[in-house]
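Enquirer: Got a predicted structure plus its sequence, pasted below:
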Amino acid sequence: MRRSPPTSAPPRGLTLIELLVGLLIVAGLFALVVPAMESVLGVRVKEEAGRLAGAIRMIYDEAAMRGQTCRLVFVMPESVEHNGSYRIECTLDAARISPEIQDVDEGALVQEDEDPFADDSYVREEEELERRVKARAAWQAFAGRELQDRTLPPGVRLAGFWTPQLRDVVTVGEAYLYFLPLGETQAAYIWIQDSRENFYTLTVQPLTGRVKVFAENLEVPDV
């Protein structure tokens, strides 16, 4: 006698215990992924701090070898959607680091516009010469494969820049770190952070160009 084929069992839904087990598995995987992401970000900001420190040292050496004045231009992020960047520029014209203190307004460097109608009759000869030198100094992009412009990667951002020539820390807009051809730069503090508020502070020595990297948010020194 021919047997009839067995009938399939009706589909069964997940039990409450199975749902709980699934949720626990997902939660466990999430707990493993989050620290891994934080670790990646922590490594990334550390790498960027080291990369910037190396670039500063190389610019210091290049300015001395080429007999040029160069500067590292920091473009601080204007909003949370941007991470900031930096580029290298040099000039063949004479330039020097001004001893005057520059104002910083709401985190932005205050640029002083020269008045083309200013009366020069009472300006000393050396001051007039300095003004003309500054006016004709033409900054051009650095030509060299070993030093490239850089935009910081996602999750890492420029947090601040300061030198003794600045009245406050620059956090938005552009700021400049100068390198002179006789082997001199500015004392400076540069802050880099990631999205988890991990800070690295770079300090620059003015006479040697030596850069120290600290895994903390250092405060501006009293000057």
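Expert: Good, I have the coordinates.

Enquirer: Beyond the lowest-mean-pLDDT helix or strand in the chain, next helix or strand please.
Expert: Counting by mean pLDDT, DSSP states H and E, the weakest-scoring helix or strand in the chain turns out to be helix 125-136, with a mean of 55. Going down the chain from helix 125-136, the next helix or strand is strand 140-141, by DSSP states H and E.

Enquirer: mean confidence score for that next one?
Expert: Taken as a whole, strand 140-141 carries a mean pLDDT of 88.

Enquirer: what's that strand in contact with?
Expert: R87, I88, E89, C90, T91, D149 (Cβ atoms under 8 Å, 6 or more residues apart in numbering). (Glycine included, C-beta is placed from N, CA and C.)

Enquirer: Repeat the analysis, applying 6 Å as the threshold.
Expert: Counting contacts by Cβ atoms under 6 Å, 6 or more residues apart in numbering, no residue outside strand 140-141 touches it.

Enquirer: Determine the number of other residues adjacent to D222.
Expert: Using other Cβ atoms under 10 Å, D222 is surrounded by 4 other residues.

Enquirer: which residues of this structure fall in strands?
Expert: Ranges of strands in the chain, per DSSP state E, are 69-76, 85-91, 104-105, 108-109, 140-141, 150-151, 156-162, 173-180, 184-185, 188-194, 199-204, 211-214.

Enquirer: how about TSV for those, with distance to G54 and mean neighbour count added?
Expert: As requested, those are exported to TSV (distance: least, Cβ to Cβ, whole Å; neighbours: other Cβ atoms under 10 Å):
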stretch	distance to G54	mean neighbour count
strand 69-76	12	22
strand 85-91	12	19
strand 104-105	27	15
strand 108-109	25	19
strand 140-141	19	10
strand 150-151	11	13
strand 156-162	16	22
strand 173-180	14	21
strand 184-185	15	22
strand 188-194	13	23
strand 199-204	11	20
strand 211-214	8	15
